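Trainee: build me a structure from this.
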Amino acid sequence: MIEKLPFSMQMIFQLNKIEKACFGKEAWTIANLRGEYENDFSHMFGEKTEDGTVVGYACVRTLYEEAQLCNVAVLPEYRRQGIASRLLETVSEFAKVQGCERCELEVNTANTAAIELYKKCGFEIVGTRPNFYKRTKRYPTRDAYTMVKEF
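Mentor: I've put the predicted structure just below:
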């Protein structure tokens, strides 16, 4: 079940563990995660197991008519179970309730799995941002697609 994740250092440590498992050296730091919780426009949602362990999460910023999907991450052993799709649906519904008219995100042009997930969830590619990301070993390109879902 997806729920809004409350702030606590224990929660930040759980999210940081997910970040490291999913993004390695490009993971958000504890300071980054804490900063999102301190931002009044940022909201964290997560999927928990029966014992309360967070196995996937999404961070969204809602500001006036637009929501910005900042991050979606699911532990590798919990992928392909619909968690990311449920997170995206929950974030979209939350953004609508907050008065947002659309949700926007950036995704590496080489991240085909994420692109297909976002398309399945109603996002469309509306542009490309050259050299959006830092150079890493994870993807052969630094370019990002901007994707938007209109509500």
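Trainee: helix, strand or coil for C59?
Mentor: Recorded secondary structure, C59: strand (DSSP: H, G, I helix; E, B strand; the rest coil).
Trainee: secondary structure element for the residue of the chain most remote from its centre?
Mentor: In the chain, the residue that sits farthest from the middle, by CA atoms, centre = their mean, is D51; the gap is 22.8 Å. Here D51 sits in a region with no helix or strand, counting by DSSP states H and E.
Trainee: residue boundaries of the strands in the chain?
Mentor: Shown for the chain, the strands assigned by DSSP state E span residues 2-4, 42-48, 54-63, 66-74, 102-108, 124-129, 144-150.
Trainee: may I see those organised as JSON lines, with mean pLDDT, mean neighbour count and distance to I18 added?
Mentor: C-beta: built from backbone N, CA, C; applies to glycine. Formatted as JSON lines, the strands of the chain follow (pLDDT from 0 to 100; neighbours: other CB atoms under 10 Å; distance: least, CB to CB, whole Å):
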{"stretch": "strand 2-4", "mean pLDDT": "96", "mean neighbour count": "14", "distance to I18": "14"}
{"stretch": "strand 42-48", "mean pLDDT": "97", "mean neighbour count": "21", "distance to I18": "9"}
{"stretch": "strand 54-63", "mean pLDDT": "97", "mean neighbour count": "22", "distance to I18": "6"}
{"stretch": "strand 66-74", "mean pLDDT": "97", "mean neighbour count": "21", "distance to I18": "5"}
{"stretch": "strand 102-108", "mean pLDDT": "96", "mean neighbour count": "20", "distance to I18": "18"}
{"stretch": "strand 124-129", "mean pLDDT": "95", "mean neighbour count": "12", "distance to I18": "25"}
{"stretch": "strand 144-150", "mean pLDDT": "96", "mean neighbour count": "18", "distance to I18": "21"}
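Trainee: out of these, which is closest to T29?
Mentor: Of all the strands of the chain, it is strand 66-74 that lies closest to T29, at 12.6 Å by CB to CB.
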